[in-house]
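Chemist: Requesting a structural model of the entry that follows:
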Amino acid sequence: MSLDLSPDSSRLISLFSFEGTTYKIPFNYIESCSLIKTSLETDEESNELKLIVKDRELSIIYDLMNHYKENLPETLQPPLRDRIFKDIADPYSVQILSQFIYEEESLSKIKKEFYDLFSASNYLGFDYLTQLCAAFVADFIRDVKEEDLEKVL
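Modeler: Numbering: from 1, shown residues only. Okay, here's the model as predicted:
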């Protein structure tokens with residue numbers, strides 16, 4: 001028996017985080033995550049996938065997929081140059097990534113969890129989020145003095 005793998009399929013997929021939390025999502029929402037899509041196409045009888053992605057990162061990725069469904073915004077084309085990230089990225093994406101900025105010693109810094117999210121999006125082949133994270137870092141470090149670069153990253 002072959003399962004319907006077309007983008008309009010109503011097939012529900014269970015994604016399990018590293019800690020075992022289950023995230024159920026329609027198959028057509030995962031079109032943008034090449035690792036998940038390829039894994040499920042390889043095993044057409046499976047409706048679940050165990051990932052080595054932690055809850056925190058997978059919950060953010062899950063929220064993004066649910067928010068955008070199969071209509072992801074266009075990716076930001078490098079180089080950003082004089083464009084400001086928050087002015088050119090989708091507002092929901094800006095809101096998600098902005099939670100990873102904090103102030104310490106009068107410098108804005110990026111939380112370690114951001115890099116975990118960046119790594120998870122790259123691992124899953126979630127190109128939209130990977131490119132978004134890269135643009136976020138590029139914009140963040142644009143005005144940082146060279147001597148402060150290590151401190152803020």
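Chemist: Residue 141 touches residue 151, doesn't it?
Modeler: No - at 11.3 Å, residue 141 and residue 151 do not qualify as touching, with contact defined as CB atoms under 8 Å. Every residue, glycine included, has its C-beta placed from N, CA and C.
Chemist: now the helices: where do they sit in this structure?
Modeler: Remark: helices of the chain, listed N- to C-terminal, are 34-42, 55-68, 85-88, 91-98, 112-124, 127-141, 149-152; assignment by DSSP state H.
Chemist: Go through those and name the closest to residue 75.
Modeler: Proximity to residue 75, assessed across the helices of the chain by CB to CB, is greatest for helix 127-141 (4.5 Å).
Chemist: So which elements touch the least confident helix or strand in the chain by mean pLDDT?
Modeler: None of the helices or strands of the chain scores lower by mean pLDDT, DSSP states H and E than helix 149-152, at a mean of 75. Here helix 149-152 touches strand 107-110, helix 127-141, going by 3 or more CB pairs under 8 Å, 6 or more residues apart in numbering; DSSP states H and E.
Chemist: what's the most buried one of these?
Modeler: For the helices and strands packed on helix 149-152, ranked by mean neighbour count under the definition mean count of other CB atoms under 10 Å, the leader is helix 127-141 at a mean of 20.
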